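In: Below is the sequence, then the predicted model.
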Amino acid sequence: MAADRPLEGYSILLLEDELFIAAALREHLLMAGAAHVETPTTVSAAESCLSETKIDAAILDIVLPDGDTRGLAEKLAGQGVRVIFHSGHLRPEWLDGTLGDAIFLQKPSDADAIVAAIAGQSEGG
């Protein structure tokens, strides 16, 4: 993995309902080497994506039009998927061990910080 492409070959789920944020972050992830970025805007659409695509990491907004992402995060963490929460609605109480090594990043976070968190180069907050 090259230093300028730390996400080389990754398949990423980017669950974000703010389209401008999703588009900008998707572009940054692809430039960082991600092979594939799924961009659903609801929890139910994300669940559908997961039935068709294996992912390596997930960037989840917390509050979406059809609910919060806690259940989805638990499912992903149970499958060994790296979970990064990127939200203005941080829930530190969710860091109770059931979400593995999930990381919370306050929205808006620098795209490089998100890439570093996915690549395991940050402990988050």
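Out: That came through fine.

In: excluding its backbone neighbours, what's nearest residue 5?
Out: Spatial nearest neighbour of residue 5, excluding adjacent residues (C-beta to C-beta, 6 or more residues apart in numbering): residue 33 at 3.3 Å. To be clear about C-beta, it is placed using only N, CA and C from the backbone, and glycine gets the same treatment.

In: how about that neighbour, secondary structure?
Out: coil (DSSP: H, G, I helix; E, B strand; the rest coil).

In: Let me see the confidence value for it.
Out: Residue 33 carries a pLDDT value of 97.

In: That one contacts residue 10, correct?
Out: Yes - the pair residue 33 / residue 10 is scored as a contact, 7.0 Å apart, by C-beta atoms under 8 Å.

In: The two - which one has more neighbours?
Out: residue 10 (22 against 17; other C-beta atoms under 10 Å).

In: roughly how far apart are the more buried one and residue 56?
Out: 5 Å (C-beta to C-beta, to the nearest Å).
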